[in-house]
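K.L.:
Here's my sequence, what's the structure:
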Amino acid sequence: MDKFDEERLEVPFGTKSLDAALCVPASVTDVHTAVILTHGAGGDMNFKHLLSLAHSLASNGFICLRFTCKGLNLSYRVKAYCAVWDYLKSLQKFTIKHMFFGGRSMGCRAAVAVARQLSNESEDPVQGVICLSFPLHPPGQTSTHRQRSEDLRKLPEHMRVLFVSGTEDNMCDRVLFNKVVKEIKAQVEVFWLQGGNHGLTVKERAEDSVLDEVNSKVIAWINADVYIYMNAIGWFTSACFGAAKYGSRTVEQGKHSLSKCRFQRPYTFSFCYRFSCSRIAGGKRDGSSTNPQ
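P.N.:
You can find the predicted model right below:
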């Protein structure tokens, strides 16, 4: 019995449509974490690595929407990515609380660009970006790395980014890449696949073994983010409820607890504060109580 269900879709995109596939867990109905994936300059959404990752995500309890966009212009790919994100949000059968963007090669450049755009809009909290074989430069043309890494450098501090690249990738010079990483404000984690090329294949190693290793890394990274995010909400919610009885000092303690979380997010604090205080019986937004003592 399959651990996931897959549905083929057509996502509206202007006067056209984008081929897409929605993978969801077969036995889980209350799913709140979703991932969007797309391919590189060549191929489509059925590129083996994307297909394997999508199925693995759904089998582990996540929603995964992957799509095909044949355009080679980055701005066109970004518009397509936004259309897919809008479509996913419109599906009323899901309540998505944790959102991750991802892609392979040019697809992850588009994912980063959209995440950067949305980071300026408080309504769409994207928690992280998954970059499979980020193309820092064309083969042998390392001088373009500044332009290609611009969106990465402008991601906010609260964003998380996972890079999965091969040590033999001819589109990602490791020395240049390490310099770029030092300039990125976001929370970065890098996984180097030993012997891997730009297609994340490794000589003299079974492809399924490589796929399993990459998929496991991505899933563990997402799980860690969601776990700490929920703990941050728990810490702050408890502090705000305590504030109704003990005063604003408890809220300050909650802020401190939240700031200690290494995945700081302005929208997390704002949401927790509003959510918690709205549920304090007779409480004001500043955490003080209007109930008679």
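K.L.:
Please count neighbours and contacts with C-alpha atoms only from this point.
P.N.:
Noted.
K.L.:
And the helices in the stretch 151-293 of the chain?
P.N.:
Along the stretch 151-293 of the chain, the stretches classed as helices by DSSP state H, counting those that start in this stretch are 174-183, 207-246, 248-260, 266-278.
K.L.:
May I have the shortest one as CSV, with CA atoms only?
P.N.:
In this case it means helix 174-183. C-alpha atoms of helix 174-183 as CSV (Å, rounded to 0.1, in the frame of the first residue of the first chain):
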residue,chain,number,x,y,z
ARG,A,174,33.6,25.5,-3.4
VAL,A,175,36.0,28.4,-2.5
LEU,A,176,33.7,31.0,-4.0
PHE,A,177,30.6,29.3,-2.5
ASN,A,178,32.1,29.4,1.0
LYS,A,179,32.8,33.1,0.5
VAL,A,180,29.2,33.7,-0.5
VAL,A,181,27.9,31.8,2.5
LYS,A,182,29.8,34.1,4.8
GLU,A,183,27.9,37.1,3.3
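K.L.:
Any buried residues in it, and which?
P.N.:
Within helix 174-183, the residues that count as buried by 16 or more other C-alpha atoms under 10 Å are 174, 180, 181.
K.L.:
that older thread, mean pLDDT for the helices of the stretch 151-293 of the chain: which is lowest?
P.N.:
Ranked on mean pLDDT, the bottom entry among the helices of the stretch 151-293 of the chain is helix 266-278, at a mean of 43.
K.L.:
For the strand or helix carrying residue 88, list the C-alpha coordinates in CSV.
P.N.:
Using DSSP states H and E, residue 88 sits within helix 74-90. Extracted in CSV, the C-alpha atoms of helix 74-90 (Å, rounded to 0.1, in the frame of the first residue of the first chain):
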residue,chain,number,x,y,z
LEU,A,74,14.5,33.8,-14.3
SER,A,75,11.9,36.5,-14.0
TYR,A,76,9.4,34.2,-15.9
ARG,A,77,10.3,31.3,-13.6
VAL,A,78,9.7,33.5,-10.6
LYS,A,79,6.2,34.5,-11.8
ALA,A,80,5.4,30.9,-12.4
TYR,A,81,6.6,30.0,-8.9
CYS,A,82,4.3,32.7,-7.4
ALA,A,83,1.4,31.4,-9.4
VAL,A,84,1.9,27.9,-7.9
TRP,A,85,2.2,29.3,-4.4
ASP,A,86,-1.0,31.2,-4.9
TYR,A,87,-2.7,28.1,-6.2
LEU,A,88,-1.5,26.0,-3.2
LYS,A,89,-2.9,28.7,-0.8
SER,A,90,-6.2,28.6,-2.5
